[in-house]
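[1] need the 3D shape of this:
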Amino acid sequence: MPELPEVEVVRRGLEPYMASRVIERVEVLDARSLKRHAGGEENFVRQLEGRRVRSVARRGKFLWASLSDAGCAPSIPPPHGEALVMHLGMSGQLRVRDGAVSGAPQASEPHVSEGPAPDPVTHLRIRLHMEGGARIDFVDQRIFGGMHVSPLIGTADARAGGEGTDLPLIPQSAAHIARDVLDPFLDEDSLVRRIRTRKAPIKSVILDQSTLSGIGNIYADEGLWEARLHFARPAIGISTRKVRELLRACRDVMHRALEVGGTSFDALYVNVDGRSGYFARSLKAYGKHGTPCPRCNRALVRAQFQNRSSHFCPYCQRLR
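    Numbers count the residues shown, from 1 in each chain. Predicted structure coming up:
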């Protein structure tokens, strides 16, 4: 599923087409993508049409668009307002159609992108018609993602909710999501202490979105390889220095992924104009089993770990 770099690429792509613009019309083509919305299809449409998007924000893998109280807002709005939450799940895409928006950046890549970018009409679930002519299509093959409207609540630390907003607010439905390694308000000292109290394997800990958000299987394997940590090593036995090294490695690999549009292996992740990211060519461990480790030249291996695969170097990442 898309991880932090991929979702951030999507957020940046959506921002010029959604921020400060009115949602003029909403089409729901498959109500299964509204399973997390309380009130059903008609309520979802009524909640959105005529309302202006204030900003497009992200924390970890969660996207949301803060909404103004204009238009067809509820008669008794929540005290902090509401947001349209957009979760990509395993295969969700947000695609911009006919988005000739004045001032919007034009798509450009320093290299030719890799991977397929099919016409997603078959799996179109929701369409937002935006002021200015853009259409935002939510496409989801497996229907694990979706959209819903959620009240905004204050953040626990009274800091900005996430990337793309300066408001100390977050959707109530995403309040359990921890800050991520790219968040300037991440309390790293507190996070390190929390990680070092956990008896679970370190990979499980950094995949726990309530501890540290945004990391999935790809960037967990890459960060652990960079930090020379075995995925099954109990977090409680890892030194403070080594935990900080792991967080720094995860941060660095995500910055590198962002520079090239994220990681695409198939048609399930593309950005808002249908292009694939090409960080896959720069991966050091994930999916590289059977190839030489870039550090020691021994063969990388794949092992099963909690219903998923882990890719690592048995020499550089020994289980101590």
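[2] please pull out the lowest mean pLDDT helix or strand from the protein.
    Ranked by mean pLDDT, DSSP states H and E, the weakest helix or strand in the chain is strand 92-97, scoring a mean of 88.
[3] how far off centre is whichever helix or strand comes after that strand?
    Downstream of strand 92-97, the first helix or strand assigned by DSSP states H and E is strand 124-130. Chain-centre distance of strand 124-130: 20 Å, with Cα atoms, centre = their mean, to the nearest Å.
[4] for strand 124-130, which strands pair with it and how are they oriented?
    strand 23-28 (antiparallel), strand 135-140 (antiparallel) (DSSP bridges).
[5] now the angle between strand 92-97 and that strand, please.
    Interaxial angle, strand 124-130 versus strand 92-97 (axes from the mean of the first three to the mean of the last three Cα atoms, to 10 degrees): 40 degrees.
[6] which residues touch strand 124-130?
    For strand 124-130, contacts defined as Cβ atoms under 8 Å, 6 or more residues apart in numbering pick out 17-18, 21-30, 32-34, 48, 99, 135-140, 143, 146-147. (Glycine included, C-beta is placed from N, CA and C.)
[7] now list the buried members of those.
    17-18, 21-24, 26, 28, 33-34, 48, 99, 135-140, 143, 146-147 (16 or more other Cβ atoms under 10 Å).
[8] that older thread, give the partner strands of the least confident helix or strand of the chain in its sheet and their orientations.
    Applying DSSP bridges, you get strand 135-140 (antiparallel) as the partners of strand 92-97.
[9] can you name the element that comes right after the partner strand?
    Assigned by DSSP H and E, the successor of strand 135-140 is strand 146-154.
[10] which strands or helices does that next one pack on?
    helix 40-48, strand 62-67, strand 82-87, strand 135-140, strand 169-171 (3 or more Cβ pairs under 8 Å, 6 or more residues apart in numbering; DSSP states H and E).
[11] Ala158: neighbour count?
    Look at Ala158: counted by other Cβ atoms under 10 Å, it has 8 neighbours.
[12] give me the spatial nearest neighbour of it, chain neighbours excluded.
    Pro168 (5.0 Å; Cβ to Cβ, 6 or more residues apart in numbering).
[13] picking that back up, let's have the strands paired with strand 124-130 in a markdown table, adding mean pLDDT and distance to Arg298.
    Shown next, in a markdown table, are those (pLDDT from 0 to 100; distance: least, Cβ to Cβ, whole Å):
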| stretch | mean pLDDT | distance to Arg298 |
| --- | --- | --- |
| strand 23-28 | 97 | 53 |
| strand 135-140 | 93 | 40 |
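[14] got these as CSV, with distance to Gln317 columns?
    Formatted as CSV, these follow (distance: least, Cβ to Cβ, whole Å):
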stretch, distance to Gln317
strand 23-28, 47
strand 135-140, 35
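[15] to Val121, which of the ones you listed lies closest?
    Closest approach to Val121 among those is made by strand 135-140 (8.4 Å; Cβ to Cβ).
[16] contacts for the closest one?
    So strand 135-140 is contacted by 14, 17-18, 33, 86, 88-89, 91-99, 120, 123-130, 145-147 (Cβ under 8 Å, 6+ apart).
[17] buried set for the least confident helix or strand of the chain?
    Per 16+ other Cβ under 10 Å, strand 92-97 contains these buried residues: 92-97.
[18] taking strand 62-67 as reference, get the angle to that strand.
    Using the same axes, to 10 degrees: strand 92-97 against strand 62-67 is 50 degrees.
[19] export strand 92-97 to CSV, keeping only CA atoms.
    Written as CSV, here are the backbone C-alpha positions of strand 92-97 (Å, rounded to 0.1, in the frame of the first residue of the first chain):
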residue,chain,number,x,y,z
GLY,A,92,-6.6,3.8,-3.8
GLN,A,93,-5.6,6.6,-6.2
LEU,A,94,-6.6,10.2,-6.4
ARG,A,95,-6.4,11.4,-9.9
VAL,A,96,-6.9,15.0,-11.3
ARG,A,97,-8.9,15.2,-14.5
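[20] so of the helices and strands packed on strand 146-154, which one's packed in deepest?
    Ranked by mean neighbour count, the helices and strands packed on strand 146-154 are led by strand 62-67 with a mean of 27 (mean count of other Cβ atoms under 10 Å).
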